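1. Show me how the following folds:
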Amino acid sequence: MSGPDGPVSVGLGPALRSGGPPAQAELLVHNLACLYTCDPAAGPLGRQEQCSIAFVDGRVAWIGPAAHAPGADEVIDCAGLIGVPGLVDCHTHAIWAGSRSGEFRRRLAGTPYTQILEEGGGILSTVAATRRASRDDLACLGRLRLEGLRSHGVTTVEVKSGYGLSPDAEEKILDAAWDCQDTVRVVPTFLGAHAIPEAYRSSRLRGAYVRQVIEEQLPRCAELADFVDVYCDRGAFDLDESRAILEAGRALGLSVRAHAEQVSHTGIAAVAAALGATCVDHLERIDSAGIAAMAAHGTVGVLLPGAQLYLRDSAPPVDALREAGVPLAIATDLNPGSSPVHCPWTIATLACITQGFTVEEAFLGLTRTAGQALGRPELGWLGACSVGDLAVFAAPPGEPAGIDGLVQQMGAHRALLVVRDGTVVLRDDAL
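-> Have a look, this model is predicted:
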């Protein structure tokens, strides 16, 4: 076995090391040219060559040399192909109705997104369309988008509400997200604090909306969500409002995360980290105090190069975050306006080009670190204690088997095989 820097030893979980291959597996993905386990016990990427992976009862039962593979009820020959953990898209807004393509024309002509938002466009135009849509319509649209992500090897997707901005509509969006669990593993997030609705945008009334989020929306939606999120920024919620909403969500048992320091610096990154946030996202304008707070509390930074690109924004301070030891994940931020990006591999390429990620950092940012951002340490890697999620790709034409070509060549990579919880959920006819 060898990796980018020469031979590597791959450490598997205790059960895999001590038990050996099972007498009979349910599924064997066989004879991979290379497999990246991202096992935290195996170095950064845990690369193996000419190997196979066996699944029993929905979990990884064995990983090892193809020559020693066990028998299996189903064997899929993947000679010459690349295996990776099921990808984790840890920040999306994948449930919405309506179109924002006209707004795209305005931004191309130079109108700032914040101006569009303050004029009732942006998020607010999507809110109007989403409120009109039925739960079934939203689930159908969401499922189509999530199937697109799955076709690129994604098996887990964080999905936010936030295009309802009323108790009924926020609940409807989260119900629709749960309806999509048959497509990918959905991690739902309550984001009623995504924008101030048009009816509450006067300074006299905005406090009433904050109270509605805390006293009505959160109690109705808490059982449908894993996280509470807030958009703290110019034109959205201020620091005190954001803190109150996050504290209310935490009191109801939700994990904390936040849209932080994107358009302007607010201080929410440090506040969210102190509240125990698993991640804070965007970070284009985070300061040294925010970085120090994230590092001190083990908070993951989720960077969103699609939004940076579409909004023609500057990059977050990746060097400072890295130097402080802040774990870095990346995500599509799939949404109708500021990041209509449907391919995680495109995001990996952009993270390297526009934000200074290494290939290894970008790959881990879509796998193990993305799972960490969701507070789900079993996601984004392959081993005895991981979920049984695998995606298999062909190298781009002329490229050797490995992640370098998948990251360097932007966005054309479709999975030939996707396994979720040990079950094949996508299989190309070529296999």
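
2. Residue 41 versus the closest residue to residue 20 other than its chain neighbours, what's the distance?
-> Excluding its sequence neighbours, the residue lying closest to residue 20 (Cβ to Cβ, 6 or more residues apart in numbering) is residue 62, at 7.3 Å. Using the backbone N, CA and C atoms, a C-beta is placed for each residue, glycine as well. Distance, residue 62 to residue 41, by Cβ to Cβ, to the nearest Å: 16 Å.

3. who has more neighbours, those two?
-> Legend: neighbour count by other Cβ atoms under 10 Å for residue 62 and residue 41, higher for residue 62 (22 against 16).

4. Return the per-residue confidence for the more buried one.
-> Per-residue pLDDT puts residue 62 at 97.

5. With residue 124 instead?
-> So residue 124 comes in at 86 (pLDDT).

6. Can you classify it by secondary structure?
-> helix (DSSP: H, G, I helix; E, B strand; the rest coil).

7. now swap in residue 55 and tell me
-> strand.

8. Is it correct that it is in contact with residue 419?
-> Yes. Residue 55 lies in contact with residue 419 (Cβ atoms under 8 Å); the separation is 6.9 Å.

9. Now for these two: what residues contact both?
-> Counting by Cβ atoms under 8 Å, 6 or more residues apart in numbering, the residues touching both residue 55 and residue 419 are 27, 29, 388.

10. In a helix, the last one, correct?
-> No. According to three-state DSSP, the state of residue 388 is coil, so it is not within a helix.

11. Check it and give its pLDDT.
-> Reported pLDDT for residue 388: 98.

12. Repeat that for the first one.
-> The confidence metric pLDDT takes the value 98 at residue 27.

13. try residue 13
-> On the pLDDT scale, residue 13 gets 39.

14. OK, contacts around residue 67?
-> residue 50 are the contacts of residue 67 under Cβ under 8 Å, 6+ apart.

15. need the helices for the stretch 301-431 of the chain, in chain order.
-> Counting by DSSP state H, counting those that start in this stretch, the stretch 301-431 of the chain has helices at residues 305-310, 318-324, 344-355, 359-365, 368-373, 403-408.

16. Deepest-packed of these, please.
-> Mean neighbours per residue, mean count of other Cβ atoms under 10 Å, is largest over the helices of the stretch 301-431 of the chain for helix 368-373, with a mean of 27.

17. List of residues touching that helix?
-> With Cβ under 8 Å, 6+ apart as the test, helix 368-373 has contacts from 38, 40, 85, 87-91, 156, 257, 278-279, 300, 302, 327-331, 377-381.

18. Buried subset of the residues you listed as a PyMOL selection?
-> This is the PyMOL syntax for the buried subset of the contacts of helix 368-373, where burial follows 16 or more other Cβ atoms under 10 Å:
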select buried, resi 38+40+85+87+88+89+90+91+156+257+278+279+300+302+327+328+329+330+331+379+380+381
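
19. coming back round to it: of the shared contacts of residue 55 and residue 419 - the most surrounded one?
-> Neighbour max across the shared contacts of residue 55 and residue 419 (other Cβ under 10 Å) = residue 29, 28 neighbours.

20. Secondary structure of it: a helix, I assume?
-> No. Counting by three-state DSSP, residue 29 is not found in a helix; it is strand.
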